[in-house]
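Build me a structure from this.
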Amino acid sequence: MTWSQKAHRHNAMSRSELGFMLGGSYYIGDLNQRHFKHTNPAGQILYRFNINARLAYRLNVTYGKIEGYDSEQKDAFYKNRNLSFQTDLFEFGSGIEVTYFPFEIGNKRYKGTGYLLAEFSLTRINPKTNYNGTLVELQPLGTEGQGTALSDRGKYSRIQLGVPLAVGGRISLSPNVALNIEYGIRFLFTDYLDDVGGYRYADPATLAATNGPTAAALSNRSLDGNRFGQRGNRATRDWYTFFGVGIMVRMGGKGSCPSDFR
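Coordinates of the predicted model:
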């Protein structure tokens, strides 16, 4: 007998799981090209509704922090550019999870599986940098002249649409508890995760007059002061990761009889 034939023996609670994962997050972009560099602690609370033995709907809320520093890169160009940023990430995601093999927590026949996850998400970003010993929010400053005649772009939003993609694994630990392991990447629809997106520096005098002297000071922090150098790279997009290990608990216990996923 298949899951669909026995679906009436399961209710919404027995199909539902609630859990958490703890792990890390880091970013790849203009200010960092090394995986796992500046990995910061991160966490996720997630809900999974098992549509059948191979397919689940998922909701998750994730917190992380990412950062990057030109001063720590090896290339002389980046060291001279001398930009830096950090931001907390607050992400809400929703999507579909597909397992490699049939799986149900506590099912002795199907004890574990790998899976693929695809979601859409909303992520709040707020890049900041250290300036004279104080963390300064960069988005309101328009460091590349965003929203003025100096740029063809408006100021980027601090709420960004994203596409999380992940691979993971699930293993039953008891009749109602499972271990969850996951590694995922997040592509956002912006190149300003690190506040760096434009190719050239804005004119400092005009930028100071329109967006203020702090915007001009933080726009070009290059050690040689060259205002005609390259600031960012429009050809590449920033992205960040979340990876973690956690526990999932079946909210309603098992169904009225064991499921046979064939």
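
Number of residues surrounding residue 157?
If you count neighbours by other CB atoms under 10 Å, residue 157 ends up with 13. To be clear about C-beta, it is placed using only N, CA and C from the backbone, and glycine gets the same treatment.

If you could redo that for residue 188, that was the one I meant.
22.

quick check: mean pLDDT across the helix or strand hosting residue 242?
Element membership of residue 242 [criterion: DSSP states H and E] is strand 239-250. Averaged across strand 239-250, the pLDDT comes to 98.

Report the buried residues of it.
239, 240, 241, 242, 243, 244, 246, 248, 250 (16 or more other CB atoms under 10 Å).

now stretch 199-206
For stretch 199-206, by 16+ other CB under 10 Å, it's 201, 202, 204.

Roughly how far does the last one sit from residue 218?
As defined by CB to CB, to the nearest Å, residue 204 lies at a distance of 11 Å from residue 218.

Going along the chain, name the strands of the stretch 1-150 of the chain.
16-25, 27-28, 40-50, 55-69, 84-99, 112-124, 128-131, 134-137 (DSSP state E, counting those that start in this stretch).

taking those strands together, which one is wrapped up most tightly?
Comparing the strands of the stretch 1-150 of the chain by mean neighbour count (mean count of other CB atoms under 10 Å), strand 27-28 ranks first with a mean of 24.

partner strands of it, parallel or antiparallel?
Strand 27-28 pairs in its sheet with strand 239-250 (antiparallel), by DSSP bridges.

so the spatially most central residue of the chain bridges to which residues?
The residue lying closest to the centre of the chain (CA atoms, centre = their mean) is residue 186, at 4.3 Å. Note on residue 186: beta-bridge partners residue 164, residue 240, judged by DSSP bridges.

got it, and residue 124?
Under the criterion used (DSSP bridges), residue 124 bridges to residue 90, residue 159.

and it, what is it in contact with?
The contact partners of residue 124, by CB atoms under 8 Å, 6 or more residues apart in numbering, come to 89, 90, 91, 158, 159, 160.

residue ranges with poor pLDDT in the stretch 1-150 of the chain?
Residues of the stretch 1-150 of the chain meeting the criterion pLDDT under 70: 1-9.

ok, now with 80
For the stretch 1-150 of the chain, residues meeting the criterion pLDDT under 80 lie at 1-10.

wait, what's in contact with the nearest residue to residue 237 once chain neighbours are set aside?
Nearest residue to residue 237, sequence neighbours excluded (CB to CB, 6 or more residues apart in numbering): residue 191, at 5.5 Å. Shown in contact with residue 191 (CB under 8 Å, 6+ apart): 29, 197, 232, 234, 236, 237, 238.

Relative to residue 12, how far out is residue 191?
41 Å.

do residue 52 as well
Remark: distance between residue 52 and residue 12 (CB to CB) = 14 Å.

More neighbours: these two, which one.
Shown here are residue 52 and residue 12; by other CB under 10 Å, residue 52 has more neighbours (16 against 9).

Buried residues of stretch 180-200, list them for me.
Applying 16+ other CB under 10 Å to stretch 180-200 flags 180-182, 184-186, 188, 190-198 as buried.

Disregarding flanking residues, what is the spatial nearest neighbour of residue 83?
Leaving aside its chain neighbours, residue 83 sits nearest to residue 70 (5.0 Å; criterion: CB to CB, 6+ apart).

Check residue 106 too.
Using CB to CB, 6+ apart, the closest residue to residue 106 is residue 175 (3.7 Å).

Nice, that's everything, thank you.
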